[in-house]
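Chemist: Below: sequence and its predicted model.
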Amino acid sequence: MERARLAEKKVSKDSWVKLARLSLETFVSLHAHGQLRGCIGTTRPTTENVAWEIVQNAISACARDPRFTPVAVSELNSLEYSVDVLGHPEPIASQADLDVKRYGVIISCSGRWGLLLPNLEGVDTIKKKPLRRFRPGSMILSVGSFGCNLRCPFCQNHKTSMSGDGDLETEEVSSETLADKALELQPYGNIGVAYTYNEPLIGYKYVRDCAALVRERGMVNVLVTNGAIEEAPWWELLPLIDAANIDLKDLPRSGIGDWAAIWRP
């Protein structure tokens with residue numbers, strides 16, 4: 001009898017056993033070769049414990065995601081699986097309570113609902129661009145490279161903007177792949193692509209090509225730039241940009257009037 005109690009005590013301390021005894025919501029995501037292959041989850045528990053919830057959602061992600069064809073047996077060895085276990089939903093008073101890095105977001109209307117998982121790679125709030133009056137409360141895929149055409153001593157992203165080739169771990173992504181990734185994240189609340197972190201216009205042609213493809217997919221483009229660009233390419237790019245944040249680094253001593261004459265609307 002004593003041995004039985006001791007074994008039960010050890011089992012009760014196992015975090016996986018504790019988790020399996022809980023009844024919580026889960027999401028299961030499948031990726032193949034870096035691309036989403038299926039994602040299904042629940043916002044309310046549907047089985048007796050988390051273990052069975054994961055099993056059911058894994059099966060659904062493989063066979064019942066309406067965005068994809070069912071997973072074939074030949075694909076199983078190439079799949080990567082990730083599981084998100086969610087806490088119980090909590091109501092919020094305003095958008096100020098949202099933190100997409102820490103919390104997911106559930107939105108429901110007229111019997112339909114959507115969920116954004118927390119801390120999705122590359123997805124950030126539009127407010128952090130910062131753009132307070134453009135699509136407030138929405139999420140956007142944020143991308144960047146390295147390098148800048150200015151050398152500001154107060155740069156907040158100096159680890160990327162001042163880096164050179166080989167200094168950072170990077171991944172080459174074609175404009176087509178980036179546009180497809182933005183569309184893939186649309187069901188999770190993504191509205192488009194933000195070009196940010198370093199100075200995006202040093203890769204002008206890449207931004208232009210991506211922006212055109214993102215626009216073709218019915219999504220928006222946001223540009224965060226220092227504005228140091230010639231007038232002709234600027235006017236070529238503008239029709240593809242839905243919102244821009246131009247960070248002023250300095251102004252002529254003669255005043256804002258001269259600057260405004262250069263950057264006329």
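Modeler: It's in.

Chemist: Identify all contacting residues around stretch 192-202.
Modeler: With contact meaning Cβ atoms under 8 Å, 6 or more residues apart in numbering, stretch 192-202 is reached by 124, 126, 129, 140-150, 157, 160-161, 178-179, 182, 207, 210-211, 214, 219-226, 228-229, 242. Where you see a C-beta, it was placed from the backbone N, CA and C, and this is true even at glycine.

Chemist: what helix or strand is the closest residue to residue 246 other than its chain neighbours on?
Modeler: Here the nearest residue to residue 246 in space, its sequence neighbours aside, is residue 227; by Cβ to Cβ, 6 or more residues apart in numbering that works out to 4.1 Å. Assigned by DSSP states H and E, residue 227 falls within no helix or strand.

Chemist: Give me the neighbour count for residue 227.
Modeler: 16 (other Cβ atoms under 10 Å).

Chemist: Got phi/psi on it?
Modeler: phi 80, psi 10 (degrees, to the nearest 10).

Chemist: now do the one 4 residues further on
Modeler: Main-chain torsions, residue 231, degrees, to the nearest 10: phi -70, psi -40.

Chemist: and it, how far is that from residue 237?
Modeler: 11 Å (Cβ to Cβ, to the nearest Å).

Chemist: same check, this time on residue 64
Modeler: Noted for residue 64: a distance of 41 Å to residue 237, by Cβ to Cβ.

Chemist: Tell me which of the two has more neighbours.
Modeler: residue 237 (20 against 12).

Chemist: got the contact list for the more buried one?
Modeler: Residue 237 neighbours (Cβ under 8 Å, 6+ apart): 204, 207, 208, 211, 223.

Chemist: Can I get these in a markdown table including pLDDT and secondary structure?
Modeler: Listed next are the contacts of residue 237 as a markdown table, based on pLDDT from 0 to 100; DSSP: H, G, I helix; E, B strand; the rest coil:
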| residue | pLDDT | secondary structure |
| --- | --- | --- |
| 204 | 92 | helix |
| 207 | 94 | helix |
| 208 | 95 | helix |
| 211 | 96 | helix |
| 223 | 91 | strand |
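
Chemist: For my notes, please list the residues you listed in a markdown table and give neighbour count and distance to residue 91 for each entry.
Modeler: Output for those, formatted as a markdown table (neighbours: other Cβ atoms under 10 Å; distance: Cβ to Cβ, whole Å):
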| residue | neighbour count | distance to residue 91 |
| --- | --- | --- |
| 204 | 15 | 45 |
| 207 | 23 | 39 |
| 208 | 17 | 43 |
| 211 | 26 | 37 |
| 223 | 23 | 35 |
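
Chemist: picking up where we left off before, the residue nearest to residue 246 and residue 245 touch, don't they?
Modeler: No - contact criterion Cβ atoms under 8 Å: residue 227 and residue 245 do not qualify, at 9.7 Å.

Chemist: which residues of the stretch 101-250 of the chain fall in strands?
Modeler: Here the stretch 101-250 of the chain has its strands, by DSSP state E, counting those that start in this stretch, at 105-109, 112-116, 123-125, 139-143, 190-195, 220-225, 243-246.

Chemist: Worst mean pLDDT among these?
Modeler: In terms of average pLDDT, strand 123-125 trails the rest of the strands of the stretch 101-250 of the chain, at a mean of 57.

Chemist: contacting residues for the residue lying closest to residue 211 once chain neighbours are set aside?
Modeler: Spatially, and ignoring its direct neighbours in sequence, residue 211 is nearest to residue 240 (3.9 Å; Cβ to Cβ, 6+ apart). Residues in contact with residue 240, defined by Cβ under 8 Å, 6+ apart, are 208, 211, 212, 215, 221.

Chemist: Can you list the residue ranges for helices in this protein?
Modeler: Taking DSSP state H to define them, one finds helices in the chain at 2-13, 15-20, 50-63, 158-161, 175-184, 204-216, 231-237, 256-262.

Chemist: Can you flag the weakest of these by average pLDDT?
Modeler: helix 256-262 (a mean of 41).

Chemist: Was I right to think residue 39 contacts residue 30?
Modeler: Yes - judged on Cβ under 8 Å, residue 39 makes contact with residue 30 at a distance of 6.9 Å.

Chemist: Pull up the overlap in contacts between the two.
Modeler: Common contacts of residue 39 and residue 30, defined by Cβ under 8 Å, 6+ apart, comprise residue 61.
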